[in-house]
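Participant: build me a structure from this.
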Amino acid sequence: MHGCTLKGTWLLALAAALSAQAPKTGVVYDCDENTQIRITRCEKLCDVELGLPGQLKPYMSMSVAGANAFLKSQGCKDAGGKAVGAAAPVRKPSATPAGSTVAAPVCKVDLPAQAPRRGTSTLALSGAGYVYSWSTTNKKTGEVVDSGAERGNFSDTELFLLDDDAERILQRAGVEPGIMGSRIGMLSFFDGGTQVENFPMLNQVAALLGHEGMTQEISKGARDDYECAMRSIRAHSAASVTTDANAQAVFTNLPQGTYYLFGRFYRMRKPVRRGGMYWNLRTEIKPGANRLVLSVSNASEEKEGR
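Facilitator: Okay, the predicted model is just below:
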């Protein structure tokens with residue numbers, strides 16, 4: 001990520017599901033492969049930025065112990081050229097007077113210019129389905145030793161008819177492209193973070209390494225980010241539907257105009273959602289009945305591992 005080759009610690013399992021804020025201050029370390037790491041806000045979680053010198057970008061959040069291990073794994077040195085592995089800055093929270101409360105982070109919600117209107121048009125959705133092929137190859141001989149194909153359809157998928165492009169809505173809501181390179185990608189990243197506590201064996205591994213309860217804490221933080229972003233999506237939705245077992249659904253009472261059909265589908269949902277794709281389709285609603293077919297060709301793939 002960002003020009004840095006990770007060196008196989010348990011943090012890799014978390015990297016797919018963590019979300020991070022963009023700290024503006026912190027301690028910068030020079031690391032291997034001409035990269036830098038900046039660590040800050042280490043009360044419970046450390047905010048970590050990673051990148052080439054002068055191009056630091058949000059990477060992930062992790063515990064103090066995890067940040068220390070990360071610095072060591074990347075061969076980082078401090079400003080004096082000394083190798084580090086136990087120097088993540090720790091800033092204790094300020095004392096709070098008895099009876100007072102600490103304000104929670106404010107969720108910025110982008111609201112539409114006008115409330116959704118009612119009309120007489122409809123939009124019927126149907127799924128064209130997908131075929132997912134896979135194969136296993138012998139690395140030494142190049143011979144295919146196993147292969148298969150899975151066929152399915154886009155059932156049980158929640159879809160929103162938005163009054164604007166989802167990327168623009170999320171931009172106005174304050175969601176940054178981050179490490180995924182797009183705001184919709186970051187929405188998926190937040191969603192992945194909510195599932196960290198459900199990854200097989202991850203809780204046990206975290207506990208063995210002294211991070212008991214860490215996955216639950218990460219999931220909660222990611223859930224807050226995800227729900228905040230989705231509040232803006234829902235605010236701009238003229239209507240929402242969920243496809244049935246045959247991947248069909250109908251939007252009703254629509255005024256004619258330009259909309260964006262937005263929604264996300266996952267091939268697998270347990271123990272965690274993955275193998276997904278999403279739609280952010282510009283759609284013209286004309287008077288009367290309208291139809292739209294959901295297909296792989298008009299969707300964008302969400303990379304596994306996020």
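
Participant: and the helices in the stretch 151-300 of the chain?
Facilitator: Assigned by DSSP state H, counting those that start in this stretch, the helices in the stretch 151-300 of the chain fall at 166-172, 183-193, 202-208, 214-235.

Participant: what's the most buried one of those helices?
Facilitator: Greatest average neighbour count among these goes to helix 183-193 (a mean of 24), per mean count of other Cβ atoms under 10 Å. Where you see a C-beta, it was placed from the backbone N, CA and C, and this is true even at glycine.

Participant: the inter-axis angle of that one versus helix 214-235?
Facilitator: 140 degrees (axes from the mean of the first three to the mean of the last three Cα atoms, to 10 degrees).

Participant: summarise which helices and strands helix 183-193 is packed against.
Facilitator: helix 166-172, helix 214-235, strand 274-285 (3 or more Cβ pairs under 8 Å, 6 or more residues apart in numbering; DSSP states H and E).

Participant: about what we covered before: pick out the shakiest of the helices of the stretch 151-300 of the chain, pLDDT-wise.
Facilitator: Per-segment mean pLDDT for those reaches its minimum on helix 202-208, at a mean of 57.

Participant: and Gln36, what is it in contact with?
Facilitator: Gln36 makes contact with 28-30, 50-53, 56 under the criterion Cβ atoms under 8 Å, 6 or more residues apart in numbering.

Participant: neighbour-wise, which of the residues you listed leads?
Facilitator: With neighbours taken as other Cβ atoms under 10 Å, the top of the contacts of Gln36 is Leu50, carrying 24 neighbours.

Participant: how near is that residue to Leu71?
Facilitator: According to Cβ to Cβ, to the nearest Å, Leu50 and Leu71 sit 11 Å apart.

Participant: ok, now Thr35?
Facilitator: 12 Å.

Participant: ok, Gly178 next?
Facilitator: Per Cβ to Cβ, Gly178 is found 21 Å from Leu71.

Participant: who has more neighbours out of the two?
Facilitator: Comparing Gly178 with Leu71 by other Cβ under 10 Å, the one with more neighbours is Leu71, at 24 against 19.

Participant: check whether that one really touches Lys82, as I assumed.
Facilitator: No: Leu71 lies out of contact with Lys82 (Cβ atoms under 8 Å); the separation is 11.6 Å.

Participant: any weak-confidence spans in the stretch 51-200 of the chain?
Facilitator: Within the stretch 51-200 of the chain, the set of residues satisfying pLDDT under 70 comprises 63, 85-105, 198-200.

Participant: how about the strands in it?
Facilitator: With DSSP state E, counting those that start in this stretch, the ranges of strands along the stretch 51-200 of the chain come out as 57-62, 121-127, 130-137, 144-152, 158-162.

Participant: tell me what the last one is packed against?
Facilitator: Same thing as strand 158-162. Using 3+ Cβ pairs under 8 Å, 6+ apart: strand 158-162 touches helix 214-235, strand 237-242, strand 249-254, strand 257-268.

Participant: please identify the pairing partners of the third one and their relative orientation?
Facilitator: Neighbouring strands of strand 249-254 in its sheet, by DSSP bridges, are strand 121-127 (antiparallel).
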